[in-house]
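**Student:** Everything below, folded, please.
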Amino acid sequence: MNTSALALVLTLLGGLLPPQDLSFRDFFEATPRELRPSARLLSLAGQRVRIVGYMAQAEEPPLGGFYLCPFPLLTTEGGAGTADLPPQTVFVVVRSATGRALAHRPGPLEVTGVLQLADTAGGAAPWPIRIVLDPPSSNAGVAGSGEPATTQP
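**Tutor:** Numbering: from 1, shown residues only. The predicted structure is shown next:
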């Protein structure tokens, strides 16, 4: 079975299992020289997770999703790109928003979906930690439009 077929099967099966709770504190282990992905983060790759955070308010919002941060944040991309985002930021892929920007939603958001970790060695990944949002019918933190809804943390 090729990699993309295996990923599809795992995604479909993952929809049957309850999500694992993930915290921004679970993302990295600090070393004297760098931040490394934690064993917990690596173990959850490809699985359904649930995390609560804040949608970054961006001057130039990304298309097809949004950045979820551990605290409210306003990014000013003028020349710096995503440099304002903290390292423990997640890019949330909203399949129903492909090719379009989402309106900012203030307050805490709970998102549930499949955790993906990109191989950043080649520098091709737009963001190394992503969650592909569950369809609206299976995600309590998502409004019927397929966009994130505010929830109580």
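**Student:** Doesn't residue 29 lie inside a helix?
**Tutor:** No. Assigned with DSSP: H, G, I helix; E, B strand; the rest coil, residue 29 falls outside any helix and is strand.
**Student:** Could I get the buried residue list for the longest strand anywhere in the chain?
**Tutor:** Taking DSSP state E as the criterion, the chain has its longest strand at strand 108-117. Of all the residues in strand 108-117, those buried under the rule 16 or more other Cβ atoms under 10 Å are 108, 109, 110, 111, 112, 113, 114, 115, 116. Every C-beta, even on glycine, is put in place using the N, C-alpha and C of the backbone.
**Student:** what's the answer for stretch 43-53, then?
**Tutor:** So, applying 16+ other Cβ under 10 Å, buried residues of stretch 43-53: 44, 47, 48, 49, 50, 51, 52, 53.
**Student:** Quote the end-to-end distance of it.
**Tutor:** Using Cα to Cα, to the nearest Å, the end-to-end distance of stretch 43-53 comes to 21 Å.
**Student:** quick one: the helices in the chain?
**Tutor:** Secondary structure of the chain (DSSP state H): helices at 3-14, 39-44.
**Student:** Just the pLDDT at the spatially closest residue to residue 42 that is not a sequence neighbour, thanks.
**Tutor:** Once flanking residues are discounted, residue 42 sits nearest to residue 117: 7.1 Å by Cβ to Cβ, 6 or more residues apart in numbering. We have a pLDDT of 92 for residue 117.
**Student:** Check residue 107 too.
**Tutor:** pLDDT at residue 107 comes out at 96.
**Student:** Show me what residue 21 is bridged to.
**Tutor:** Counting by DSSP bridges, residue 21 is bridged to residue 50.
**Student:** Quick check: the gap between it and residue 46.
**Tutor:** Separation of residue 21 from residue 46 (Cβ to Cβ, to the nearest Å): 16 Å.
**Student:** For the longest strand of the chain, name the packing helices and strands.
**Tutor:** helix 3-14, helix 39-44, strand 48-55, strand 90-93, strand 129-133 (3 or more Cβ pairs under 8 Å, 6 or more residues apart in numbering; DSSP states H and E).
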